[in-house]
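K.L.:
I would like to see how this sequence folds:
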Amino acid sequence: VQLQASGGGLVQAGGSLRLSCLASGRTFVNYIMGWFRQAPGKEREFVASVTWNLGSTTYAESVKGRFAISRDSAKNMVFLQMNSLKAEDTAVYYCAARPGGAREYRVWGRGTLVTVSS
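P.N.:
Okay, here's the model as predicted:
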């Protein structure tokens, strides 16, 4: 089982980036896919999640209205569209997955670095 995140980079404040996560190695039906981030010197925090089956979404308050998570079941991919980026969004972003009935995310991908310059 593997999650591979990509799409990070350097962007100016106010700009946009789209992160992608390719999921492979199993079916993710009944899973919840999430994006997390970890800024320098801070703990990892939840950003957004989407249910694989219905596409229901949840967001951290800090990104509501600016970020949008989605999934493409046919391509086994999850996306995070990030708009109106702020310097405080600078972090390593991770894609993760958990079974619908589990509390913790069990599968983690390598992160992709997003740097927002002010």
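K.L.:
what packs against the helix or strand where residue 116 lies?
P.N.:
Secondary structure from DSSP states H and E places residue 116 in strand 112-117. When contacts are defined as 3 or more CB pairs under 8 Å, 6 or more residues apart in numbering; DSSP states H and E, strand 112-117 sits against strand 9-12, strand 17-24, strand 91-99. Yep, even glycine has a C-beta here, placed from its N, CA and C like the rest.
K.L.:
repeat that for 10 Å
P.N.:
With contacts defined as 3 or more CB pairs under 10 Å, 6 or more residues apart in numbering; DSSP states H and E, the secondary structure elements packing on strand 112-117 are strand 2-6, strand 9-12, strand 17-24, strand 77-82, strand 91-99.
K.L.:
can you list the strands that the helix or strand following the longest one pairs with?
P.N.:
Think strand 91-99. Following strand 91-99 in sequence order, the next helix or strand is strand 107-108 (DSSP H and E). Note on strand 107-108: by DSSP bridges, its sheet partners are strand 91-99 (antiparallel).
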